[in-house]
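Asker: Structure of the sequence below:
(4 chains, ligands or ions: 6)
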Amino acid sequence: MSYIKPQFHHPELKKNKVGYYKTDYEGVISTLCAGCGHDSISSAIVHACYEISLEPHRLAKLSGIGCSSKTPAYFLSNSHGFNSVHGRMPSVATGAGLANRDLIYMGISGDGDTASIGMGQFVHAVRRNINMVYIVMNNGCYGLTKGQDSATADFGSISKSGSENPYTAIDLVGLALELNAGFVGRSFSGDKSQLVPMIKAALSHPGFAFIDVISPCVTFNNNQGSTKSYSYVRDHIEATSVLDFVPFEEEIKVDYEDGTSAELELFNGSKIVLSKISSHWDPRNKILAKKYLNESKENGQILTGLFYIDTETESFHKKLNTVTTPLNKLSKNDLCPGSSKLTDINKTFM
Amino acid sequence: MSYIKPQFHHPELKKNKVGYYKTDYEGVISTLCAGCGHDSISSAIVHACYEISLEPHRLAKLSGIGCSSKTPAYFLSNSHGFNSVHGRMPSVATGAGLANRDLIYMGISGDGDTASIGMGQFVHAVRRNINMVYIVMNNGCYGLTKGQDSATADFGSISKSGSENPYTAIDLVGLALELNAGFVGRSFSGDKSQLVPMIKAALSHPGFAFIDVISPCVTFNNNQGSTKSYSYVRDHIEATSVLDFVPFEEEIKVDYEDGTSAELELFNGSKIVLSKISSHWDPRNKILAKKYLNESKENGQILTGLFYIDTETESFHKKLNTVTTPLNKLSKNDLCPGSSKLTDINKTFM
Amino acid sequence: MEQESLFNDMVIRFANVNGTGSASANEMFAKSLFKMGLPVTAKNIFPSNIQGLPTWYEVRISEKGYLGRREGIDIIVAVNPQSLEQDIKDVKSGGYLIYDNSKLLYDNYKREDINFIGIPMIEMSAQNYNSARHQQLFKNIIYVGAVACLINMDIDTIKEVITEQFKSKEKLIPPNFKALDLGINYVRENLNYPIKYCVKKSNKTDGKIIIDGNTATGLGAVYAGATMMAWYPITPSTSVASAFEKYCKKLRVDPETGKNKYAFIQAEDELAAIGMVIGANWNGARAFTATSGPGVSLMNEFIGLSYFAEIPVVLINVQRGGPSTGMPTRSQQADVISCAYASHGDTKHPMLIPSTPTECFEYTAKAFDLAERSQTLVFLLTDLDLGMNNHLTDELSWDDTQEYDRGKVLDEEMLERMTEKFGRYLDVDDDGIPYRTIPGTHPTKGAYFTRGTSRDEYAKYTEDGKVYAKNMDRLSKKWDTIKALVPSARIHSSDQSTKIGMLYYGTSFYPSTEATDMLTDHGIHITKIEIKAFPFSDNVKETIDKLDFVFVVDQNRDGQMRTLLINELNIDPHKLISVLNYDGTPITADKIFKEISSHKVLDLATQN
Amino acid sequence: MEQESLFNDMVIRFANVNGTGSASANEMFAKSLFKMGLPVTAKNIFPSNIQGLPTWYEVRISEKGYLGRREGIDIIVAVNPQSLEQDIKDVKSGGYLIYDNSKLLYDNYKREDINFIGIPMIEMSAQNYNSARHQQLFKNIIYVGAVACLINMDIDTIKEVITEQFKSKEKLIPPNFKALDLGINYVRENLNYPIKYCVKKSNKTDGKIIIDGNTATGLGAVYAGATMMAWYPITPSTSVASAFEKYCKKLRVDPETGKNKYAFIQAEDELAAIGMVIGANWNGARAFTATSGPGVSLMNEFIGLSYFAEIPVVLINVQRGGPSTGMPTRSQQADVISCAYASHGDTKHPMLIPSTPTECFEYTAKAFDLAERSQTLVFLLTDLDLGMNNHLTDELSWDDTQEYDRGKVLDEEMLERMTEKFGRYLDVDDDGIPYRTIPGTHPTKGAYFTRGTSRDEYAKYTEDGKVYAKNMDRLSKKWDTIKALVPSARIHSSDQSTKIGMLYYGTSFYPSTEATDMLTDHGIHITKIEIKAFPFSDNVKETIDKLDFVFVVDQNRDGQMRTLLINELNIDPHKLISVLNYDGTPITADKIFKEISSHKVLDLATQN
Ligand SMILES: Cc1ncc(C[n+]2csc(CCOP(=O)(O)OP(=O)(O)O)c2C)c(N)n1
Ligand SMILES: Cc1ncc(C[n+]2csc(CCOP(=O)(O)OP(=O)(O)O)c2C)c(N)n1
Ligand code: SF4
Ligand code: SF4
Ligand SMILES: [Mg+2]
Ligand SMILES: [Mg+2]
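Answerer: Ligands and ions are numbered 1, 2, ... in the order given. All right, here's what the predicted structure looks like:
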């Protein structure tokens, strides 16, 4: 359990354009591990929604199952939420979106939730261009079920159980680009200066907006690596073979310029290199985006930034040619053809 | 029901190296529609297996559900087969392959079977690099359930029910490349000169070999288009709104040179353009493969050929470091640790 | 053979090859009989492929209105050489085999006890039409003409049906008329007609229509105000989707903007289909899906979510032959248990069980009211026979004054007025059904986090066992409330006092009705219980309690409805005797009659 | 308060925060008691998250060997401020609350009727260890020391356990000893000890081990020769997979090549996991999966395929609290119906139901034999309580002379010798079980196309209703054959004649045994029926028939085992009285005793 939010309302906080304080965008206290990247992302979502002056009840948040999928409880208490079943949030969001085109939909998922059990639904949500922001809190493992490798875990990485991952990682950003997603970005949980604007942009994109957020898991991430701080704990776990100790950690923060790289130490001392696309980047060139992505992957870097936006995407409702009134607001008058029409219909069966 | 195979054994047919006639590679009589592309693919499989002198019982054929997934009954009667459940063939093949690494596995699927309900399993079969040939008989529709659009149907195409498809097609070749498949090709059902060698190559590839085969559906494919031969039938169907007439058709054949294009008329007179990659193509350059693929797509062409081979892929069994004896051949001696070991184990719980 | 005419009571079977256009010809044939005022029913027995395999179309004409399948085929129109040998065997002694004598009949196919009538269909068709396609298509109309003449049908009525059928493609009318006349004239010129089995006009179809259950179901959803359907193609439920789409296109497009007041989504699979339906219902739209057994199996996890998170859902299961892929084009009632208790954990789901297309229409509409009222998933349980075959049924009707029951939903005003804390799972009305809110309703009130995990009355996550158990008990209470909301079983007491009952549901209605009359004719009186829904209405147990033995008609192997009855109503299993049929064909009155009339308990019970 | 010592009979509960290292300390505590020869059982009550929420560890010591949960906590070691208030309330009157007095206790938390014992754990830990992490970890060992001293445990035994635990990391031993001594010495120097509840060495654990069910299950699969496990992580089944992998790594790696004689696959989901298992079994390897309720729901479609295509499968379901995501870290027996009849259509699946870890080991091995012998899917049905908690149980044993039963598989030689046509679904032996062949066995014989659709005896696709029905009847016959292959129910007749029975299964075994003794003490005699498998062995019905009333202990809301009994055995429902517990905690002997001893039918039955 971490305490990412202030315990009392600071009197000096400002109201935003729609009359809400920042605290109005918060949720209940997180029950995630202290220092979990997911909590940082929650806090970025709070920031972004506050800053774009979104009325909380106009957003619906949906998730699957996992530590990541719990987070909708930890932001936007005034928004309805749906913690659905593992891997199936995309379909639930699709249905919700069809019922009411006027709300804003935010889907929260984990790498297990999306890249394994949810792969099929993810692909088809992209294909349908569902109007939603889809955030994967990507920690390369199954946090909630105690740290198994996920399908985004790097080839050769060592899992908590000590095995080397023999599979190539699925790059959700590459996949989303291949599937013609209209908004594709990647960021890092602790990089608020990049993440908050990216969420804001995604919220205003009229179609499927995908953000892959690298989000270190305090407890199970990158188990091998430096032997520094963790050593005693790891020794202890090896000796007792009971995974029951999680140290309290500070969240990992990072701040670096566009077009530069930053090496980051994870909780256990292992390192990753983030590299940010430059501010001159033209996010309408998909071919180039794919190329850069592949190159940085080959250099062992994790490229972050907003890779691609297609401003002319045709939204799902446009595809389906639905009326502008949300379907859930149509009344019996709108919907029921009535008995006289039925008389005509009966005739066709005589 | 079509009659793609000769009704009697031609006395002059030659035995292959392992002593089998070509007819030994055939199956029962097809119950598909006369002229269905799938039957041509079956026949290409028969050809390929005969020509590489594969012993039929050393191959296991697996499929999902659909017209395409029925075809394993129509080739290789001497091979065991498994018509599993819709969209789940990849997992069944994975398990089968784990049980016996010494057989050759051929998975047959449809575009509905793979790109919709089976998407998740397809992605993960690629990721695991299962040792199998995976053929999608791609007709852009759900043949067996009467012609609904599949996820590979082209944007804007008109389905049997008369609706325009509002979704972008999923390109399974592009997807397989993105997911790092080690063997990726595309061909056309009626193009034996390209398809047979491609299947032969796939059968000898030590890992996941993916072939997308465009395979026109006589009955439901590309419903709109020329009004020539079909018109009466279509009129009839529109008037009675009962889909119960399927004309007998010849299979569509094509033969064209590497590096050239061929325009092809489908059953109803609508046209597609196939374009074949040149024989100078270096199938080890994935980046280029992706580029060409995208370009031809933009030109409205369907690029065919063997796009990519990675000769150094690490097979699933290698990843798992399994013994060379097939797991299904290990005996109790190999497997059961016996009572004395159990005594030791008991001690650890005292 | 001597012939005494048998009017308006026969079974004709057409033996065709699928994909040859016979289906539409056969349908016109049945429709013409209907227009002649004759109770008629048609069963299409088709293979799980698209072209080239045997298919049969069985038409029963019954002046008395018995519309179930009947054993014994009086006339077979054998157009398919593949099945000819068997078809000849299937004709009832004394019946007729109408075949294409363009080719010679093998001698060893001949039977002495039936009448062979040869019509040179292929020959006539080849002489009169040029293209192979036309030849094949019109051959079908030729035999329709011939049979029509042989059984003395009213030819004008047939022409009327053809005219109606092709009214949007008028140029097709003359060639069809021509083919019809070819068949008629051949008979007139070459054969004795009418044959023993023949028809005359009647008036037994007033106020009736002839329609398949799936069309009625799809239409029911349109009338119920369903705005979203998400589905995945699967036989035999696909035509529910087609019907919904068709009528939405006709009735739900805004005339001004051309925009749709509905969304129709072919999902990527059944898991996604029900997920979408749950999402839409959560968000306050009426949404539904239709599938068959394999789809229900895939939906199992989501079904549990709907139960536990209390999201309304309408799930139409058009049952086919199971298990697994089973017999995709055959009919069964074998998903009773798998639907009633679908999903892991303690779960129960209401089921509405129509017996006729008219009830398909009504119960589909009811299902939406019930789902929203009780905030749970409701099954509409039909089967291939009901869904895909045409049945004679009452005209569909709709009461314009009745409002949709959207259940306990707090709107903005109600939330605004509310002073107490909103408790999503509070049992305010003591009926087990809590109040819900729709996302976006109110800026600050009513939001909560829906979930499939245990939570308290205020929707807050909890692992407190007491709170969990209390919630589970409330769900049981809700189940009791639902009992009063579903349609009651129909009890048809016998005129004479009896200790014997017969219980049936769904498509067993047709043959059970007929069997009852047969039993009465044999002096066996029986009380009929027609189950219309699960949970069972109180009259089910009350009636069974008064009887010594009840025959339970189940179209499955394991007597699944019987299982539900003994489990839910605590009935002594020995009282309930299964009458089963599970070969994929609809159960017949003959079978029910035989099993009951020869059962040993009859002596016991009639001794009382 | 006056104190009279109560030896070797108590419940101690440790109230901790998860992720703080308490679990391993608590386990060492329990293990030490075991080593002292005391029957001991431990229940871990943990939240569905990773760090920072309350978790409890409940240790019961019972010289008599009663190892179920018991109501009434004698001692609570309260280390978690979040749950302190409730923890204090939970102590039994006259019991003890051991707390950290580094901080002051709120006055209003105090109770007069219990004993408060303060130990400055945090303070001691802070004084003796530098890093925050060490401080937190060793605090746990400090309280172990303190409690050990208070209840008079043998300190050398604890040190022995610590030494064993850390034998691979010897440098960790001294700091652990130090922490232990800190706790011990504090008590010795500051408090009266031992307290009322205390222990002394005994010899009641000879021939016993202390192990959790999942470990035993995983090990059972290794011994059974399973070569492939495909699974998807889900609480509480994950540790079956870990155990299988762990022991495979130890016992199944070829010493020469370092290669694995097993494959261990984390699938992308449960659908894939069971698909892989089906593929591997089809191909002749022993393969299995382990999951919990939501996974079983997702596997429903494939389960039907296994039934109908007759592919052996072992599916381990470690049940948790349902429905839906439910209570992932709580125990229930609520998947009985959903497993027994899983999937659409007429299906039934055998279930083996162990009650102890030893049986988990044995029944897992049996499940593979049964699955291959009967060519169908076999469930091993356990639950979180059995799977994840440590239980005192008989040593595991293995008979080296017994061969695996691979069932009716035709090998190359047999096929070569065969002159008749191979019929995959022919009932050659009249037991409903056909012969199968494994792909690749013979060049020209034995190949067939496996499918989930209807087919004839030679595996050829058919839509012939008679052939289909015959096959379904054979599957019913196979079901009867299976009855004789599963372990029989254990009947424990009462010494005195009685008309009352108690039926239970799985983890209800522990409390039911204790409850029976309690009932006997109160003069209520009862015959016990311990169900070990489904289908039920003949002695179940025979025994029930001789009784007037049978109490059926079910750890679910809907009395699911009772449903199975009345349905499968045609038992009058009124005879079977449910005793239910479904709040997610294991049922207690007290609860069973109370419900039975106060039930009105007791008078009726004892009057006889
Ligand atoms: C059908 C089903 N299978 C398995 C589970 C168990 N489960 C819960 S969360 C989870 C994985 C979560 O991983 P991820 O989505 O990456 O989230 P994280 O905890 O890492 O944020 C699993 C397997 C489940 N709840 N439902
Ligand atoms: C779970 C499930 N859902 C639906 C179906 C019905 N179904 C059978 S085949 C098929 C689609 C086949 O399409 P495709 O894979 O493209 O094969 P094609 O017939 O076009 O070759 C569907 C939806 C099924 N068998 N199982
Ligand atoms: S286990 Fe990992 S992902 Fe889950 S809350 Fe803890 S740190 Fe976050
Ligand atoms: S329906 Fe289409 S895919 Fe199916 S057999 Fe006929 S032509 Fe082939
Ligand atoms: Mg994760
Ligand atoms: Mg297809």
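
Asker: What segments of the stretch 251-350 of chain A are strands?
Answerer: Applying DSSP state E, counting those that start in this stretch to the stretch 251-350 of chain A gives strands spanning A:261-265, A:271-276, A:302-309.

Asker: Which among those strands is found nearest to residue D:215?
Answerer: Between residue D:215 and these, the tightest spacing by C-beta to C-beta is seen for strand A:271-276, at 35.3 Å. (C-beta placed from N, C-alpha, C; glycine too.)

Asker: Check which helices and strands that closest one sits against.
Answerer: Under the contact criterion of 3 or more C-beta pairs under 8 Å, 6 or more residues apart in numbering or on different chains; DSSP states H and E, strand A:271-276 touches strand A:261-265, strand A:302-309.

Asker: So in that sheet, which strands flank that strand, and in what orientation?
Answerer: Applying DSSP bridges to the sheet, strand A:271-276 is found paired with strand A:261-265 (antiparallel), strand A:302-309 (parallel).

Asker: export the strands of the stretch 251-350 of chain A to CSV and tack on mean pLDDT and mean neighbour count?
Answerer: Shown next, in CSV, are the strands of the stretch 251-350 of chain A (pLDDT from 0 to 100; neighbours: other C-beta atoms under 10 Å in any protein chain shown):
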stretch, mean pLDDT, mean neighbour count
strand A:261-265, 82, 16
strand A:271-276, 82, 18
strand A:302-309, 93, 24
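
Asker: For the longest helix seen in chain A, name the packing helices and strands.
Answerer: Longest helix in chain A, counting residues (DSSP state H): helix A:37-51. Here helix A:37-51 touches strand A:132-138, helix A:192-204, strand A:208-214, going by 3+ C-beta pairs under 8 Å, 6+ apart.

Asker: List the neighbouring strands of the first one plus their orientation.
Answerer: So that's strand A:132-138. Within its sheet, and counting by DSSP bridges, strand A:132-138 is paired with strand A:104-110 (parallel), strand A:208-214 (parallel).

Asker: Moving C-terminal from the first one, which element do we reach first?
Answerer: In the C-terminal direction, the helix or strand that comes right after strand A:104-110 (DSSP states H and E) is helix A:111-115.

Asker: starting at the chain centroid, how far to the next helix or strand along the chain from that following helix?
Answerer: Using DSSP H and E, the helix or strand that follows helix A:111-115 in sequence is helix A:119-128. Its chain's C-alpha centre and that of helix A:119-128 lie 15 Å apart, by C-alpha atoms, centre = their mean, to the nearest Å.

Asker: do stretch C:162-169 as well
Answerer: 27 Å.

Asker: Can you give me the end-to-end span of that stretch?
Answerer: Using C-alpha to C-alpha, to the nearest Å, one end of stretch C:162-169 lies 11 Å from the other.

Asker: Identify whichever of the helices and strands packed on helix A:37-51 lies nearest to residue D:394.
Answerer: Nearest of the helices and strands packed on helix A:37-51 to residue D:394, taken as C-beta to C-beta: strand A:132-138 at 45.7 Å.

Asker: okay, the angle between that closest one and helix A:37-51?
Answerer: Counting by axes from the mean of the first three to the mean of the last three C-alpha atoms, to 10 degrees, strand A:132-138 points 150 degrees away from the direction of helix A:37-51.

Asker: near chain B at all, the next helix or strand after strand A:132-138?
Answerer: Using DSSP H and E, the next helix or strand after strand A:132-138 towards the C-terminus is strand A:141-142. No - using C-beta under 8 Å from any C-beta of the partner chain, strand A:141-142 never reaches chain B; the gap is at least 15.0 Å.

Asker: so where's the chain uncertain?
Answerer: I went with chain A, as the question did not name one. For chain A, the stretches with pLDDT under 70 are A:1-12, A:160-161, A:222-234, A:237, A:268-269.

Asker: You answered for a different chain; I wanted chain C.
Answerer: C:1-4, C:604-608.

Asker: And for residue C:188, the neighbour number?
Answerer: 12 (other C-beta atoms under 10 Å in any protein chain shown).

Asker: from what I can see it touches residue C:148, true?
Answerer: No - using C-beta atoms under 8 Å, residue C:188 is not in contact with residue C:148; the gap is 11.2 Å.

Asker: Check the secondary structure at residue C:57 for me.
Answerer: When classified by DSSP: H, G, I helix; E, B strand; the rest coil, residue C:57 comes out as strand.

Asker: surely it meets residue C:43?
Answerer: Yes - when contacts are counted by C-beta under 8 Å, residue C:57 is listed as touching residue C:43 (7.4 Å).

Asker: ok, residue A:153 - contacts?
Answerer: Contact analysis of residue A:153 by C-beta atoms under 8 Å, 6 or more residues apart in numbering or on different chains lists A:140, A:141, A:159, A:165, A:167, A:169.

Asker: Now distance to ligand 4 and neighbour count too, for those, in JSON lines please.
Answerer: Listed next are the contacts of residue A:153 as JSON lines, based on distance: C-beta to the nearest ligand atom, whole Å; neighbours: other C-beta atoms under 10 Å in any protein chain shown:
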{"residue": "A:140", "distance to ligand 4": "41", "neighbour count": "26"}
{"residue": "A:141", "distance to ligand 4": "42", "neighbour count": "28"}
{"residue": "A:159", "distance to ligand 4": "44", "neighbour count": "22"}
{"residue": "A:165", "distance to ligand 4": "40", "neighbour count": "18"}
{"residue": "A:167", "distance to ligand 4": "34", "neighbour count": "20"}
{"residue": "A:169", "distance to ligand 4": "36", "neighbour count": "22"}
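
Asker: Looking at those, which one is closest to residue D:441?
Answerer: Closest approach to residue D:441 among the contacts of residue A:153 (C-beta to C-beta): residue A:167, at 31.8 Å.

Asker: Please report how far the closest residue to that closest one other than its chain neighbours lies from residue A:294.
Answerer: Once flanking residues are discounted, residue A:167 sits nearest to residue B:127: 5.6 Å by C-beta to C-beta, 6 or more residues apart in numbering or on different chains. In this view, residue B:127 and residue A:294 are 17 Å apart by C-beta to C-beta, to the nearest Å.
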